[in-house]
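*Asks:* Sequence isn't available, so here's the structure alone:
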């Protein structure tokens, strides 16, 4: 095994952080490449499938944690409706999601017809392509549409 990896990984990390810097948001480096983290060149290297799935898992966990902490009714939903609500919250982020007052109030009451209608009547519905009808179906029926 490589000596750096077996005995000096943490020292190598710290050295690279010291030299490259650590940035948690995308930036343009000195030669015009989109970069993130510790010198990760997104233009030329991108991210791996495993890295994308790790980011996704983290983002799903954060989304669910937010929903559970702010909406007491969320945990009482069946799994399909939890997925639907999480999908919308994931897409919109917490602040825009909060703007869906009618949908949230209907979900809190367990009025899934009204929640689905409110989603259908939103600007969001017209912007998200096939996602909108699929999510509305899941909220309305508690089932996944055929072919999904």
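*Replies:* Nice, thanks for sending it over. Here the structure is a predicted model, which means the values were calculated and not measured. Numbering: from 1, shown residues only.

*Asks:* hey, let's count contacts and neighbours off CA atoms from now on
*Replies:* Will do.

*Asks:* right, and the helix or strand after the longest strand belonging to the chain?
*Replies:* Counting residues, the longest strand found in the chain (DSSP state E) is strand 23-28. Next in sequence after strand 23-28, counting helices and strands by DSSP states H and E, comes strand 34-37.

*Asks:* what about the longest helix in the chain?
*Replies:* Criterion DSSP state H: the longest helix present in the chain is helix 49-70.

*Asks:* and that helix, what does it pack onto?
*Replies:* Packing partners of helix 49-70 (3 or more Cα pairs under 8 Å, 6 or more residues apart in numbering; DSSP states H and E): helix 79-98.

*Asks:* mean confidence score for the helix it packs on?
*Replies:* For helix 79-98, mean pLDDT rounds to 97.

*Asks:* got the angle for that helix vs helix 49-70?
*Replies:* Interaxial angle, helix 79-98 versus helix 49-70 (axes from the mean of the first three to the mean of the last three Cα atoms, to 10 degrees): 80 degrees.

*Asks:* by how many degrees do the following helix or strand past helix 79-98 and helix 79-98 diverge?
*Replies:* Heading C-terminal from helix 79-98, the first helix or strand you meet, by DSSP H and E, is helix 101-109. With the same axes, to 10 degrees defining the directions, helix 101-109 sits at 140 degrees from helix 79-98.
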